[in-house]
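Asks: generate a structure from the sequence data that follows.
(one chain, ligands or ions: 1)
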Amino acid sequence: MDWNPSNGSFCFPTSASEFSMNSPKICFSSSNGDDFGGDDSVLCVPGSKLVSAGFKEITCKDDCVIFVNSGGGALKGHTTQVNIESDSYFQGGDVLRTEECIIDGGDYASLYQSARFGNFSYRFKGLSSGDYYIDLHFAEIVNTNGPKGMRVFDVFVQEEKVLSELDIYAVVGANKPLQMVDARIHVEEDGILVVRFEEIRGSPSICGICIRRASTLPAPKPNLECPVCNNCSTKIEFSPSQRTTRTMKPNAKYEKKIQELQSQCQLKTDECYEAWMSLTAANEQLEKLRMELDHKLFKSESLVQAMDQQTMKLKNVCYSYECDKKLWAKSISDLEEKVKIMKQEHFQLSQDAKRCAGSIPDLNKMISAVEALVVQSEHFKLLYNEEQAKRKKLYNEIQETKGNIRVFCRCRPLSKEEVSSGCVTTVDFDAAKDGELGLLTGGSTKKTFKFDRVFTPRDDQADVFANASPLVMSVLDGYNVCIFAYGQTGTGKTFTMEGTEKNRGVNYRTLKELFTVAEERRETNSYNISVSVLEVYNEQIRDLLNASPATKKLEVRQAAEGVHHVPGIVEADVRDIKEVWDVLQAGSNSRAVGSNNVNEHSSRSHCLLCINVRAKNLMSGECTKSKLWLVDLAGSERLAKTDAQGERLKEAQNINKSLSALGDVISALATKSSHIPYRFETNLHPFEKSNLLLFFI
Ligand SMILES: Nc1ncnc2c1ncn2[C@@H]1O[C@H](COP(=O)(O)OP(=O)(O)OP(=O)(O)O)[C@@H](O)[C@H]1O
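Replies: The predicted structure is shown next:
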């Protein structure tokens, strides 16, 4: 290691190998001459140096050509010898500034508080051709907390590398100046000098560039006469005075002295080398230790982080544990409460069980008694069914005894019109109670008629129905029943069968009675009741419950002897009397009505209400099917009396024809003829094998 008194710098080999290599000298220096341990391998130009101190005017006198403050403004020196220009000549890059104090910043500390960084270069023009020195000023003002290697770059001057892999922070740390001085370069005839920065890692940065004119003397050549270090072949420099002394012809005395000095120097050099080697080894050891320490630090930081995470997790677990604990505590207390209640219930149940166990003998007795009762009830049920069947049989026998065909006569009161026109009644009701009706003919002669019952004008609808209702029971027992209203026009057939809303007739009352009895027998029987309403008009059958007129002609079909049905007819299921009334109204409204000179609203058709009853005895399982026909016949007017013509005449003829056929059937039934002419040419034959009740009106 040599001391250079002209610029106060130390020159020494950067590695052990350089002690033996004949390589260019690479120098470090500090402004105060102190040695510092930076990495010198970055210097590429012989004679250039790294200086870990700020710029001092004394080092740059009248030879300065251009000095730019990169990223900053112009700076005035103390002695005004140096004029530092504001940032110019650059191409690209950005500006960096800091307010941080630059330690050991020299005469222009603010020079190092600004920098140009990024992708940039400097292009100086108009320089006269020749040799120059270039000084580059650096400071790490961004990467203040390390680590090394964040900003590494090369610097080229005239495309010749002057700095290789420079890491400012690695050399001097943050906010400290670093100079590369005395790089000798050449400017061609074009007068252009280019300084280029090339990134390796991070962005290059520069604080200032100083171009100084080099002396016209050629660059110092290696002095072949310089003594060479025996160990590393490094040439040893001498000061001019020393050189003068060296050139003098030494006399013998001095030669001896010189030899002694040289041997001492050699000894010192050897010592120096050994010291350097041990220093290098110590440095390597230190570096290893530092790396280990870094590694340990990194590990400890990782451990701290892991510990923090574990602590966090533990906290969460603790929190959820606390929540769960509360929840469980509540659940446990609830359960305890429930267990307490259950224990009480259990105790209660045990008590009950004990009592029950005590009453088991009584219970067994009761079970035996119940079983006996069940057997008895089965027996009674059997007896009841037998009795029921007998009762039904007897009841219907009574009805038959009364006559399978019963004829009642009802006389209506004279209407207001009849009274006002002077009409008087010619009927004698004296023997009405005995079923006899007397007709006064020719004033004195009295003709008597015998009926099953005669209803006088004073008898109301309820009286009439009272005689029909027993037959209703027969329908529910599975017998067919047929009730006709027969008589001349205007005599009260429709009134008797349909009645009015306030004074309802046989139809409505019969159905009401049916539902009442069915409800009374609910425990033992189930009934399904449906209703059809037909009209026979001019020998045509019309279904009065079918809103849309039938496309096919409806006809009476004989299913068996005395059993008839009309295929395709609507059978409306009715569940209560309200539904029945709606059905009856619908049928009544659809009926063909005309007027003749006897009755203003004369029914011009036979109206047949058929009630189908399907019964099931719930105890015996016996099922029956029966029908109740309620028929309001068309008026049997005498053609001459009604003065009918045209359509009316045809209607009347049809009505009379069918009534006459009906008369034949009734007559055959009454005389118990072997042949009953059910199949006749008219469509009026609803009374199958049934009890028959006629109202002659
Ligand atoms: N018992 C009665 N009490 C009071 N008014 C009655 C009675 N019977 C019938 N009438 C009345 O006599 C008139 C004719 O009765 P209804 O229309 O029932 O006769 P009809 O025999 O059905 O006639 P048609 O054969 O022409 O249809 C009606 O106004 C009716 O209210």
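Asks: and the residue of the stretch 1-150 of the chain closest to the ligand?
Replies: residue 94 (119.1 Å; CB to the nearest ligand atom). Every residue, glycine included, has its C-beta placed from N, CA and C.
Asks: so what pairs up with that residue in the strands?
Replies: On the basis of DSSP bridges, residue 94 is bridged to residue 117.
Asks: for it, grab the count of nearby residues.
Replies: Neighbour count for residue 94, taken as other CB atoms under 10 Å: 13.
Asks: surely it is in contact with residue 115?
Replies: No - the criterion here is CB atoms under 8 Å, and residue 94 misses it with residue 115 at 9.4 Å.
Asks: just the element for residue 654, please.
Replies: Assigned by DSSP states H and E, residue 654 belongs to helix 646-670.
Asks: ok, that helix near the ligand or not?
Replies: No - applying CB under 6 Å from any ligand atom, one finds helix 646-670 out of contact with the ligand, separated by at least 8.8 Å.
Asks: can you pull out the helices in this structure?
Replies: Assigned by DSSP state H, the helices in the chain fall at 168-172, 240-247, 252-401, 416-420, 461-476, 493-497, 506-520, 577-589, 639-642, 646-670.
Asks: grab the nearest non-local neighbour of the residue of the stretch 351-500 of the chain found nearest the ligand.
Replies: Here the stretch 351-500 of the chain gets closest to the ligand at one residue, residue 492, 2.6 Å apart by CB to the nearest ligand atom. Spatially, and ignoring its direct neighbours in sequence, residue 492 is nearest to residue 412 (4.0 Å; CB to CB, 6 or more residues apart in numbering).
Asks: so for the one you found, what's the pLDDT?
Replies: Predicted confidence (pLDDT) at residue 412: the value is 90.
Asks: which residues touch residue 583?
Replies: Residue 583 sits next to 531, 533, 545, 572, 574 when contact means CB atoms under 8 Å, 6 or more residues apart in numbering.
Asks: out of the residues you listed, who's nearest the ligand?
Replies: Among the contacts of residue 583, residue 533 lies closest to the ligand (CB to the nearest ligand atom), at 16.2 Å.
Asks: that closest one against residue 608, yeah?
Replies: Yes - Residue 533 lies in contact with residue 608 (CB under 8 Å); the separation is 7.3 Å.
Asks: give me the number of residues near residue 536?
Replies: Residue 536, neighbours per other CB under 10 Å, totals 26.
Asks: if you could redo that for residue 509, that was the one I meant.
Replies: If you count neighbours by other CB under 10 Å, residue 509 ends up with 19.
Asks: how much space separates the spatially most central residue of the chain from residue 387?
Replies: With distances taken as CA atoms, centre = their mean, residue 320 lies nearest the centre of the chain, 30.0 Å away. Note on residue 320: its distance to residue 387, by CB to CB, to the nearest Å, is 80 Å.
Asks: what's the answer for residue 472, then?
Replies: Counting by CB to CB, the gap from residue 472 to residue 387 is 21 Å.
Asks: neighbour count winner among those two?
Replies: Neighbour count, other CB under 10 Å: between residue 472 and residue 387, residue 472 has more, with 23 against 11.
Asks: and the pLDDT at the residue nearest to that one when sequence neighbours are not counted?
Replies: The spatial neighbour of residue 472 that comes closest, neighbours along the chain excluded (CB to CB, 6+ apart), is residue 513 at 4.8 Å. pLDDT for residue 513: 89.
Asks: ok, the one 3 residues further on next?
Replies: If you check residue 516, the pLDDT there is 90.
Asks: what about it, distance to the ligand?
Replies: Note on residue 516: its distance to the ligand, by CB to the nearest ligand atom, to the nearest Å, is 24 Å.
Asks: now the residue of the stretch 351-500 of the chain closest to the ligand: phi and psi?
Replies: The phi/psi pair for residue 492 (degrees, to the nearest 10) reads phi 110, psi 30.
Asks: burial count for it?
Replies: Residue 492: 20 surrounding residues under other CB under 10 Å.
Asks: cool, and residue 198?
Replies: Residues near residue 198, counting by other CB under 10 Å, number 13.
Asks: who is it paired with across the strands?
Replies: residue 154.
Asks: could I get the contacting residues of it?
Replies: With contact set as CB under 8 Å, 6+ apart, residue 198 has these partners: 153, 154, 155, 156, 204.
Asks: are any of those residues buried, and which?
Replies: Buried residues within those, defined by neighbour count using 16 or more other CB atoms under 10 Å: 153, 154, 155, 156, 204.
Asks: so can I have JSON lines of those showing distance to residue 106?
Replies: Output for those, formatted as JSON lines (distance: CB to CB, whole Å):
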{"residue": "153", "distance to residue 106": "23"}
{"residue": "154", "distance to residue 106": "25"}
{"residue": "155", "distance to residue 106": "20"}
{"residue": "156", "distance to residue 106": "26"}
{"residue": "204", "distance to residue 106": "22"}
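Asks: ok, and which of those reach the ligand?
Replies: With CB under 6 Å from any ligand atom as the criterion, the buried ones among the contacts of residue 198 include none near the ligand.
Asks: ok, so of these, who is nearest the ligand?
Replies: residue 204 (126.4 Å).
Asks: quick check: residues of the stretch 351-500 of the chain near the ligand?
Replies: Contacts of the stretch 351-500 of the chain with the ligand, taken as CB under 6 Å from any ligand atom, map to 412, 413, 415, 487, 489, 490, 491, 492, 493, 494, 495.
Asks: now restrict those residues to buried residues only.
Replies: 412, 487, 489, 490, 491, 492, 493, 494, 495.
Asks: these two touch, right, the fifth one and residue 414?
Replies: No - in this structure residue 491 lies outside contact range of residue 414 using CB under 8 Å: 11.7 Å.
Asks: sorry, back to before: closest one to residue 160 out of the contacts of residue 583, please.
Replies: Comparing the contacts of residue 583 against residue 160 with CB to CB picks out residue 572 as the nearest, at 119.9 Å.
Asks: what separates that closest one from residue 198, distance-wise?
Replies: Distance of residue 572 to residue 198, computed by CB to CB: 108 Å.
Asks: likewise residue 213?
Replies: From residue 213 to residue 198 the distance is 27 Å (CB to CB).
Asks: could the contacts of residue 198 go into CSV alongside pLDDT?
Replies: Output for these, formatted as CSV (pLDDT from 0 to 100):
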residue, pLDDT
153, 96
154, 96
155, 97
156, 97
204, 95
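Asks: quick one, grab the pLDDT at residue 614.
Replies: On pLDDT, residue 614 comes in at 92.
Asks: report the beta-bridge partner residues of it.
Replies: Under the criterion used (DSSP bridges), residue 614 bridges to residue 528, residue 625.
Asks: state the distance from it to the ligand.
Replies: Distance from residue 614 to the ligand, by CB to the nearest ligand atom: 31 Å.
Asks: swap in residue 510?
Replies: 17 Å.
Asks: just give the nearest non-adjacent residue to that residue, would you?
Replies: residue 472 (5.5 Å).
Asks: so the one you found sits right up against residue 512, yeah?
Replies: No - contact criterion CB under 8 Å: residue 472 and residue 512 do not qualify, at 9.5 Å.
Asks: tell me who's in contact with the residue nearest to residue 492.
Replies: Taking CB under 8 Å, 6+ apart, one finds 457, 491, 492, 495, 697 in contact with residue 412.
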